[in-house]
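J.: Turn this into a structure:
(chains A, B, C and D)
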Protein chains: 2
Amino acid sequence: MDDPANSRPDRPERGSFVSAGDVAERAGVSRSAVSRTFSGAGSVSAATRRKVMKAAEELGYHANHLARGLTGEPSDIVCLIAADIGQPFQARMLEQVTRHLQLRGKVAMVINTAGDGDSVSHALRQSLHYRAEASVVLTGTPSEKLVQTCLSNGQRVVLVNRDDEAPGVDRLRVDNDRACVEALALLRRAGCERVACVSSRARTTSLLSREAAFSRAAEAAGLTLDLTRAGPTSYETGAESARLLLGRAAPPDGVFCVTDLLALGFMDAARHVFGRRIPEDLCVIGFDDVPQASWTSYELTTFRQPIEEFAERIAAVLTSDEVGHSEVLEVLPVWRSSVRMA
Amino acid sequence: MDDPANSRPDRPERGSFVSAGDVAERAGVSRSAVSRTFSGAGSVSAATRRKVMKAAEELGYHANHLARGLTGEPSDIVCLIAADIGQPFQARMLEQVTRHLQLRGKVAMVINTAGDGDSVSHALRQSLHYRAEASVVLTGTPSEKLVQTCLSNGQRVVLVNRDDEAPGVDRLRVDNDRACVEALALLRRAGCERVACVSSRARTTSLLSREAAFSRAAEAAGLTLDLTRAGPTSYETGAESARLLLGRAAPPDGVFCVTDLLALGFMDAARHVFGRRIPEDLCVIGFDDVPQASWTSYELTTFRQPIEEFAERIAAVLTSDEVGHSEVLEVLPVWRSSVRMA
DNA sequence: TTGTACGCGTTATCAC
DNA sequence: GTGATAACGCGTACAA
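T.: This next block holds a predicted model:
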């Protein structure tokens, strides 16, 4: 009265995935019974459920989420688009975002871009191919048109730290301006008279807006500003910037770096190439608060991007009904010893 | 003689994905024509192709890879299972692996595990749910049984830096033993007499095997070894280890840290808490060669894990036919100034 | 409670 | 060169 084919020669070694049909056949029930058992909808008798579970176990069955998403249910796939994910800040962001997405039952598809518009657009197209229910753009600026395509296909689109308005997209960003104004204030309070801003050749929204905000603040204070963009956003570029700025006749005594990585490289070159004491001879401020900023060799004064809060909010926004959400998170100043206190 | 419904009121604003059927309808052709246009298989006349492309463009159509994978073709999804992806080494690994997978037309699904066996198993199940064509385990040890399920479902399974044998899985690892023997030799050549090993409480295969190899080498040299495991694998644990070891009556003058992060923390505490000069008073060796190891404040002598080669090989193995591939990559010693030269 | 039948988006096969 | 049709694995109305 029960299933034949119990001799286990079925096909557990085949090179193909086990389907609900295979399980049904082995358990001697219908496909629907299997579906009901795993989806929880409808009702199944204890006996049937047992048979199904046994067969599934033996065959190594796992429901196909992809086929499930075919009928219209959300795919639970969220596409994360980012560049430079090997760098401390981006890596931590990725870690927290994946973690929070997983907490809400989503799974992250990570697309590593070069940051330019072309590769971001390519990434966005991938996200459509895989029917991601949302795309989170952590780096780069996607074409407006493609974003609209995503939206009209029913995707959620979240832009992180981008200033541009766009109807329908969700935006989360940090208040760069306020932090940069405070950065200048810190340097002035420390008695710095010749300030400089160290940036990079990467023209990302965040960096541009920090440059601009700091410049405005300096101008408002009647200071002339030395602005350097010696290369990509990296430790090495920070060091190179120090070589450029500190070799001059009237070198700066207060430096704002738009990124911690730049600041750390700047500090190392300032100390070990030019023999500057920090903060006695030179004050340095960074941005992001990467883990290395708190290391004893640096003790860098910086501004903390609330990564965990970002991640939590991104996940929350994606699972909410409200679209076009816009939110500004606070950056916390972190006082350490790279700026004189007096 | 051409399509009606050209007034563009169709449904570009609907909350659902555009299908090939929608495109076919608008272009006034059959679904097959659309399919052929995008898959490249079969042949389509220039005129038809033009009509299809136009309609697809207007509607914002993107082929559904998920439905494509339904019929048996590979999904092109590769599942990456890792913990601590915010840390420099893991982050760089992730960056390179995603990059090389993308070069081969694959897309990465990243699952962030807490590192314990349970969540690795959960991750592996997710990879089955999404019909990933392969799972790459970068951290943690999955249950043997589940790995077999993956294999019998036709998945490739790649284990990175794991020593356990298993039929059917592909393995890529680094030769820890040789590097650790060389680490001891470096310390002895520098004249160190009291050596210590700084490890962490995380019992991962790599760390265990480095501990063991260094211990064996020390024993073979007739040295007693101080082994410390003060916490998780982090900068802070490195610093804490320095506090433990350097406060003793006969502190070590040569230290091997199983990870760069531990070594960097150790160096900072040794210098700034205990006033040790490196390498004059104390030699330090790390492992991994994370970017920070080359920073001027550290100049850490270490062993380079060939991350890019790892990534390239992983991608290559996944796209090859050979299964059960096993490969050992070379670790390159990187001489910097944290060890006396002679 | 259970099974049958259908739809989801795609590709492959076949007849035209 | 083209279009109808079946198949893939799943969820789910609907009927038994």
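J.: part of a strand, is A:Asn196?
T.: No, residue A:196 isn't Asn; it's Ala. Yes. A:Ala196 sits within a strand when classified using DSSP: H, G, I helix; E, B strand; the rest coil.
J.: Tally up the residues packed near it, please.
T.: Look at A:Ala196: counted by other Cβ atoms under 10 Å in any protein chain shown, it has 27 neighbours. The C-beta positions use only the backbone N, C-alpha and C, and glycine is treated the same way.
J.: Show the model's pLDDT score for it.
T.: According to the prediction, A:Ala196 has pLDDT 98.
J.: Show me what it is bridged to.
T.: In this structure, A:Ala196 bridges to A:Asp226, A:Val255 when assessed by DSSP bridges.
J.: quick one: contacts for it?
T.: By Cβ atoms under 8 Å, 6 or more residues apart in numbering or on different chains, the residues touching A:Ala196 are A:225-228, A:245, A:252, A:254-256.
J.: Same question for A:Leu227.
T.: A:196-197, A:199, A:211, A:215.
J.: give me phi/psi at the residue in the stretch 201-342 of chain A positioned nearest to DNA strand D?
T.: For the stretch 201-342 of chain A, the residue closest to DNA strand D is A:Thr319, as judged by Cβ to the nearest atom of the strand, at 18.2 Å. Per-residue torsions, A:Thr319: phi -100, psi 10 (degrees, to the nearest 10).
J.: Can you tell me, leaving aside adjacent residues, what's nearest to it?
T.: Of all residues not flanking A:Thr319 in the chain, A:Arg104 sits nearest, at 5.3 Å (Cβ to Cβ, 6 or more residues apart in numbering or on different chains).
J.: circling back: how many residues are close by the residue of the stretch 201-342 of chain A closest to DNA strand D?
T.: 16.
J.: before we move on, the earlier item: tell me the buried residues within the contacts of A:Ala196.
T.: For the contacts of A:Ala196, a burial check counting by 16 or more other Cβ atoms under 10 Å in any protein chain shown picks out A:225-226, A:228, A:245, A:252, A:254-256.
J.: what's the farthest-apart pair in these?
T.: Pairwise distances across these peak at 13.8 Å for A:Thr228 and A:Gly254 (criterion: Cβ to Cβ).
J.: and the gap between A:Gln305 and B:Ser119?
T.: Per Cβ to Cβ, to the nearest Å, A:Gln305 is found 27 Å from B:Ser119.
J.: wait, I meant A:Pro252
T.: From A:Pro252 over to B:Ser119 (counting by Cβ to Cβ), the distance is 49 Å.
J.: okay, and for chain A, where does confidence drop off?
T.: Applying pLDDT under 70 to chain A flags residues A:1-15, A:342.
J.: How is it divided into domains?
T.: Following automatic domain parsing, one finds the domains of chain A at A:1-64, A:74-174+A:307-330, A:176-305.
J.: Quick check: end-to-end length of the second one?
T.: Across its full length, domain A:74-174+A:307-330 reaches 32 Å between end residues, using Cα to Cα, to the nearest Å.
J.: and it, anywhere near DNA strand C?
T.: No. Shown here: domain A:74-174+A:307-330 not in contact with DNA strand C (Cβ under 7 Å from any atom of the strand), separated by at least 8.3 Å.
J.: Which residue does the stretch 201-342 of chain A have closest to DNA strand C?
T.: Proximity of the stretch 201-342 of chain A to DNA strand C (Cβ to the nearest atom of the strand) peaks at A:Val323, 21.0 Å away.
J.: hang on, isn't A:Ala183 packed against A:Phe303?
T.: Yes. The pair A:Ala183 and A:Phe303 passes the contact test of Cβ atoms under 8 Å, sitting 7.2 Å apart.
J.: Overlap of the contact sets of these two?
T.: With contacts taken as Cβ under 8 Å, 6+ apart, the residues that reach both A:Ala183 and A:Phe303 are A:285, A:287.
J.: Between the two, point out the one with more neighbours.
T.: A count of neighbours by other Cβ under 10 Å puts A:Ala183 above the other of A:Ala183 and A:Phe303, at 30 against 25.
J.: how about that one, phi and psi?
T.: Here A:Ala183 shows phi and psi, under degrees, to the nearest 10, equal to phi -60, psi -50.
J.: Provide a list of residues in contact with A:Glu236.
T.: A:Gly265.
J.: Is it within a helix or a strand, and which one?
T.: Applying DSSP states H and E as the criterion places A:Glu236 in helix A:235-246.
J.: Show me how far that helix is from its chain's centre.
T.: 27 Å (Cα atoms, centre = their mean, to the nearest Å).
J.: Could I get the full set of strands for the stretch 1-150 of chain A?
T.: According to DSSP state E, counting those that start in this stretch, the stretch 1-150 of chain A carries its strands in the segments A:77-83, A:107-113, A:134-137.
J.: Please apply the same query to the stretch 201-342 of chain A.
T.: A:226-229, A:254-257, A:283-285, A:302-304, A:326-329, A:332-334.
J.: If you tally nearby residues, what's the number for the residue in the stretch 51-200 of chain A that DNA strand C sits nearest to?
T.: Evaluated by Cβ to the nearest atom of the strand, the stretch 51-200 of chain A has A:Leu70 as its residue closest to DNA strand C, separated by 4.0 Å. If you count neighbours by other Cβ under 10 Å, A:Leu70 ends up with 15.
J.: Could you do the one 10 residues further on as well?
T.: One way to gauge burial is a neighbour count; for A:Leu80, by other Cβ under 10 Å, it gives 29.
J.: how about the residues of chain A near DNA strand D?
T.: A:16-17, A:19-21, A:31-32, A:35-36, A:38-39, A:41-42, A:63-64, A:67-68, A:70-71, A:73.
J.: Among these, which ones lie close to chain B?
T.: Restricting these to those touching chain B (Cβ under 8 Å from any Cβ of the partner chain) yields A:16-17, A:63-64, A:67, A:70.
J.: Please say which of A:Gln305 and B:Ser119 ends up with more neighbours.
T.: Comparing A:Gln305 with B:Ser119 by other Cβ under 10 Å, the one with more neighbours is A:Gln305, at 25 against 17.
J.: Can you give me the separation between that one and B:Ile111?
T.: Taken as Cβ to Cβ, the span from A:Gln305 to B:Ile111 is 25 Å.
J.: Likewise for A:Ile285?
T.: As judged by Cβ to Cβ, A:Ile285 and B:Ile111 stand 37 Å apart.
J.: more neighbours, the two?
T.: Using other Cβ under 10 Å, the more surrounded residue of A:Ile285 and B:Ile111 is A:Ile285, with 31 against 26.
J.: so who does that one touch?
T.: A:183, A:186-187, A:254-257, A:263, A:300-303, A:338-339.
J.: Please name the nearest non-neighbouring residue to A:Cys56.
T.: Check again: residue A:56 is Ala, not Cys. Nearest residue to A:Ala56 in three dimensions, chain neighbours excluded: A:Val23, at 5.0 Å (Cβ to Cβ, 6+ apart).
J.: Ok, A:Cys257 next?
T.: Once flanking residues are discounted, A:Cys257 sits nearest to A:Ala263: 3.7 Å by Cβ to Cβ, 6+ apart.
J.: Can you give me the neighbour number for that neighbour?
T.: For A:Ala263, the count of nearby residues is 30 (other Cβ under 10 Å).
J.: repeat for A:Val195
T.: By the criterion of other Cβ under 10 Å, A:Val195 has 24 neighbours.
J.: check contacts around it.
T.: Per Cβ under 8 Å, 6+ apart, neighbours of A:Val195: A:184, A:187, A:218, A:223, A:225-226, A:252-256.
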